[in-house]
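Engineer: I'll drop the sequence and a predicted model, then ask my questions.
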Amino acid sequence: MYKNIFKDDEWKRSEHMAVRECVGYYLFTHQLMEVSGPDAGRFLDYVCPNDIASLEVGRDRYTTILNEEGEIVDDVVVMRLEEEKYWVSTLYATKIDDWFYFHSDGFDIDTCEVTEDWHMFSVQGPKSKDVLNALAANGVEDLKFFRHRPDTLAGKDVLINRGGFTGEKFGYEVYCAADDADDVQDAIDRAVKEAGGKEVTEFQVFAWTLPTEAGFYYMRDLNRTNPFEVGLEKNINWDKDFIGKEALLKIKENGPAREMVGFEVCDENQDFYIRAKQYGGPGEPVFIDSEEEEVGRVSKLVYSYVKNVNNGYILAKKDALHIGDRLKIHGYDCVITGKNWLK
Amino acid sequence: MTKKIDGRIPADSGNDAGFTQYNAVQSPWNKLMSYQDALHYASRFEAVLSAAVAQAYRIIIPDYATRASEMCKEAYGRLYYTGINYPGDDGFGIHPFMCGSYPGALIGDKGDDALLMCGRCQDFGTYRCEKELDVCDWDICGSELCRATTMSLQGQADATESRHRKGKKLDYLMVEAKGCGDRHCRIIAESREKYPAPEHELWQSFGPAVSDEYKKYTEEEDTVEESMMFREECGYRFVNGTNTETDSSNQMVNLSTAASLYLLPAIDNAVKLGYTTAENAEWIKKCVLEAAGKAMFGERYAIRACREWLGVPNSIGEDGRLLGGVIEMLLQSLVCHYEIEAFNKDEVIYVINRGDLAITGTQSLCEAHLYMWQGMVKTLVNAQWSVWEEDSPKGKMRIKIAKKIDKFM
């Protein structure tokens, strides 16, 4: 009998629950592509299906980036820093850097990766607002979701963005110069611990268990899918031209072939063995009852410390699986669910 | 009955490997071997050669602990400095927030798949990682190699750690090894902050792991035989946990071998440390590799199988062209450029690009092949025949396969 790497790990549980019940912080520096110039907004509007040009200075927008087949190349947050300057926050800069370069013909823009210059600390949880109010010179009382503004923290210039990857109502991202990271982290660390919170150190918590519990994706989940299959089509601006639009219109017309659904492992045997794509590989095949046809693959399998259940996603054939369906995956009892375990 | 079509290798697999006519290697008698088979063949042949080099190393340093220790230190140091000088975080999907040495597991994960050592990552986190392999062509090279590969991974992981903000250090252990007779190879890396254990020497990297109770063991029926890049259900792509994605096309040109990466450098290091002289080390390698080559075709059925495999016509009798065919198949499989200067019943002469044959820049790998071929020709053809190097232009190895009488052979 082996232990469950999530359920039985009190270290992970305590870090996860600090965010849900109090406040947690962690280094969450992403790769940053800076796009500037007179055509920066028009360019990003072309490479992103969601509306970017209308974004006001000081605001952010989550969007996918698609290839010509309508497949998701990346999912990013675009931040409009100035009238003609944007940051694109990604974890796939190796691809996006080239992608921007090869699609920039006809646009008066400059693109460069500025990852090395910045660090970002994510402060998440119910008490994160109190922590930031105590730390930031101007406070965050009136800072609304997906808005950012410059401030000072520990005497250092920072950019504070309200947002995060946890599904928490209150969560903030503090960007600082790489050289100032030690001072900024020390200040955040002290304030978070004084508030009863802790540093979240486990990758599996800040990248997998917290986001999955809220129904968010890590880029690997979206690999070779299109927005309709993973529920990211809602904010697409169909009135503009963008890369992948033609293919996506056909998918819209015909309907997606697959869909991402949630599931939980019900089996009492905690030593279950179900492989998921998050570690690489194809993921466990999913069959319905005794039918021979494979209807999907397990994309992700982690743990909801709020609901105390192993939870994850299945990329399945459209309409093959419905909420409440019970099935066996690799011999273990599972049930199909929604994708948000915080509701 | 079922109409299911089993996974097939895509026709374009190997498109960028440098072939001119087919995505296949071609014997002198036009027998084709597919890209996938060629990759497997090259991998296994080089593993056999590596196993022979490992025996030479065992002769040079007879004591296990000393030998394993020196090999681990050499591998750790070389791969640490390689990681420092040639950082490739983006290429391995290592993100800026991945502090500590756990992202080193991503390097190992990708490297395994490229070396056809298929299996699966079972855990990947800040304090613990686990990788399980079902296949390892190097499993015949001895457990010292298993230890050294683990320490090279530790070196890469520590180099990665040094490029990020302070994080958690992991201790990489190979707790199961096919080279030791286990069903799987299993590396578990764990943080001593979370899973305390006494310190150990580099070569004692076999565990046991403190976090053994989290281990996931894949039963035989769920094991795999091919890397992701050759598997239909993986879309013929290797994709690891953070979305690094490659296909099979560049695998052949990136092949590395146990001999070139670990064993020959270990012997060079043993010479530097005074365990033996350079001359004696060369002599031992020559003796062992020639014997290994002779053993390849010691039985008649091996010769018949080889002729069949190469598509040798009945009109070709016992002459050097047989070995020539074997060598050409290998050189093509290694994407090693060569020219044919002679190919007839009396002699075969190849001019081989040393830089291509010296995989990962290990020049002594060229001589290791030559020793092996000299042994092979004695049993594949007959004892009248030899293989030797003569009149090589700069940067090339000109080898001749012909009859030769040598009273001191």
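Structural biologist: In hand now; what should we look at?

Engineer: In contact with B:Ser364, which residues are there?
Structural biologist: B:264, B:267-268, B:285, B:358 (CB atoms under 8 Å, 6 or more residues apart in numbering or on different chains). Where C-beta positions appear, they are placed from N, C-alpha and C, glycine not excepted.

Engineer: Tell me which of those fall in helices.
Structural biologist: Secondary structure assignment (DSSP state H) places B:264, B:267-268, B:285 from the contacts of B:Ser364 within helices.

Engineer: Which of these ranks first by neighbour count?
Structural biologist: B:Ile267 (28 neighbours; other CB atoms under 10 Å in any protein chain shown).

Engineer: And it, how close does it get to chain A?
Structural biologist: Applying CB to the nearest CB, to the nearest Å, the value for B:Ile267 to chain A is 34 Å.

Engineer: Run a quick neighbour tally on A:Trp208.
Structural biologist: Number of residues near A:Trp208 (other CB under 10 Å) recorded here: 26.

Engineer: Against chain B, how distant is it?
Structural biologist: Remark: distance between A:Trp208 and chain B (CB to the nearest CB) = 9 Å.

Engineer: My understanding was that that residue contacts A:Val302; is that so?
Structural biologist: Yes: the criterion here is CB atoms under 8 Å, and A:Trp208 meets it with A:Val302 at 4.8 Å.

Engineer: shared neighbours of the two, anything?
Structural biologist: Common contacts of A:Trp208 and A:Val302 (CB under 8 Å, 6+ apart): A:Gln278.

Engineer: Can you name the residues that contact B:Met409?
Structural biologist: Counting by CB under 8 Å, 6+ apart, B:Met409 has contacts B:Ser386.

Engineer: Give me the next element, helix or strand, following the helix or strand of chain A with the lowest mean pLDDT.
Structural biologist: Within chain A, no helix or strand scores below helix A:219-222, which has a mean of 90 by mean pLDDT, DSSP states H and E. Using DSSP states H and E, the next helix or strand after helix A:219-222 towards the C-terminus is helix A:227-230.

Engineer: Could you name the helices and strands sitting against that following helix?
Structural biologist: Packing partners of helix A:227-230 (3 or more CB pairs under 8 Å, 6 or more residues apart in numbering or on different chains; DSSP states H and E): helix A:245-254, strand A:258-265.

Engineer: tell me what the next helix or strand after the last one is packed against?
Structural biologist: Following strand A:258-265 in sequence order, the next helix or strand is strand A:285-287 (DSSP H and E). Contacting strand A:285-287 under the criterion 3+ CB pairs under 8 Å, 6+ apart are the following elements: strand A:294-301, strand A:326-329.

Engineer: so what's the closest residue to A:Glu69 other than its chain neighbours scoring on pLDDT?
Structural biologist: Leaving out its chain neighbours, the residue that sits closest to A:Glu69 by CB to CB, 6 or more residues apart in numbering or on different chains is A:Ala247, at 5.0 Å. Looking at A:Ala247, its pLDDT reads 98.

Engineer: isn't A:Ala247 right up against A:Gly70?
Structural biologist: Yes: using CB under 8 Å, A:Ala247 is in contact with A:Gly70, at 3.5 Å.

Engineer: okay, the two: which has more neighbours?
Structural biologist: Applying other CB under 10 Å to A:Ala247 and A:Gly70 shows that A:Gly70 carries more neighbours, namely 24 against 16.

Engineer: Backbone dihedrals for that one, please?
Structural biologist: Per-residue torsions, A:Gly70: phi 80, psi 10 (degrees, to the nearest 10).

Engineer: gap between it and B:Thr66?
Structural biologist: A:Gly70 sits 60 Å away from B:Thr66, going by CB to CB, to the nearest Å.

Engineer: do the same with A:Tyr86
Structural biologist: Plainly put, A:Tyr86 is 59 Å away from B:Thr66 if you go by CB to CB.

Engineer: could you dump the ones in helices among the contacts of B:Ser364 to a markdown table with pLDDT?
Structural biologist: Converted to a markdown table, those look like this (pLDDT from 0 to 100):
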| residue | pLDDT |
| --- | --- |
| B:Leu264 | 98 |
| B:Ile267 | 98 |
| B:Asp268 | 98 |
| B:Lys285 | 98 |
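
Engineer: tally of neighbours for B:Asn314?
Structural biologist: As a burial measure, B:Asn314 scores 6 neighbours (other CB under 10 Å).

Engineer: separation between it and chain A?
Structural biologist: Counting by CB to the nearest CB - B:Asn314 and chain A are separated by 46 Å.

Engineer: swap in B:Ile399?
Structural biologist: According to CB to the nearest CB, B:Ile399 stands 41 Å off from chain A.

Engineer: For that residue, what is the enclosing helix or strand?
Structural biologist: strand B:396-403.

Engineer: So which of A:Tyr86 and B:Thr66 has more stuff around it?
Structural biologist: With neighbours defined as other CB under 10 Å, A:Tyr86 and B:Thr66 compare such that A:Tyr86 has more, 25 against 13.

Engineer: three-state assignment of A:Lys95?
Structural biologist: Following DSSP: H, G, I helix; E, B strand; the rest coil, the label given to A:Lys95 is helix.

Engineer: per-residue confidence for B:Asn353?
Structural biologist: Here the pLDDT value assigned to B:Asn353 is 97.

Engineer: Correction: the previous question concerned B:Leu39.
Structural biologist: 89.

Engineer: Just the buried residues of the helix or strand containing it, please?
Structural biologist: Assigned by DSSP H and E, B:Leu39 falls within helix B:35-60. For helix B:35-60, a neighbour-count test (16 or more other CB atoms under 10 Å in any protein chain shown) marks B:35-36, B:38-43, B:45-58, B:60 as buried.

Engineer: now stretch B:207-220
Structural biologist: B:207, B:209-212, B:214-216, B:218.

Engineer: of all these, which comes closest to A:Phe146?
Structural biologist: Of all the buried residues of stretch B:207-220, B:Tyr214 has the smallest distance to A:Phe146: 37.8 Å, by CB to CB.

Engineer: tell me the pLDDT at the closest one?
Structural biologist: Reading off the model, B:Tyr214 has pLDDT 94.

Engineer: Quick check, it in contact with B:Tyr127.
Structural biologist: No: counting by CB under 8 Å, B:Tyr127 is not a contact partner of B:Tyr214; they are 10.6 Å apart.

Engineer: Now stretch A:273-289: buried residues?
Structural biologist: Buried residues in stretch A:273-289, counting neighbours by 16+ other CB under 10 Å, are found at A:273-284, A:286, A:288.

Engineer: Now that stretch: average pLDDT?
Structural biologist: When pLDDT is averaged along stretch A:273-289, the result is 92.

Engineer: Quick one: distance of it to the chain centre.
Structural biologist: In terms of CA atoms, centre = their mean, to the nearest Å, the centre of stretch A:273-289 is found 21 Å from the chain centre.

Engineer: And stretch B:376-386, end to end?
Structural biologist: Counting by CA to CA, to the nearest Å, you get 9 Å between the two ends of stretch B:376-386.

Engineer: Next: stretch B:207-222.
Structural biologist: Termini of stretch B:207-222 sit 25 Å apart (CA to CA).

Engineer: now do stretch A:315-325
Structural biologist: End-to-end distance of stretch A:315-325 (CA to CA): 15 Å.

Engineer: can you tell if that stretch touches chain B?
Structural biologist: No: judged by CB under 8 Å from any CB of the partner chain, stretch A:315-325 makes no contact with chain B; its nearest approach is 12.2 Å.

Engineer: which of the residues in that stretch are buried?
Structural biologist: The neighbour-count check on stretch A:315-325 (16+ other CB under 10 Å) flags A:315-317, A:320-321 as buried.
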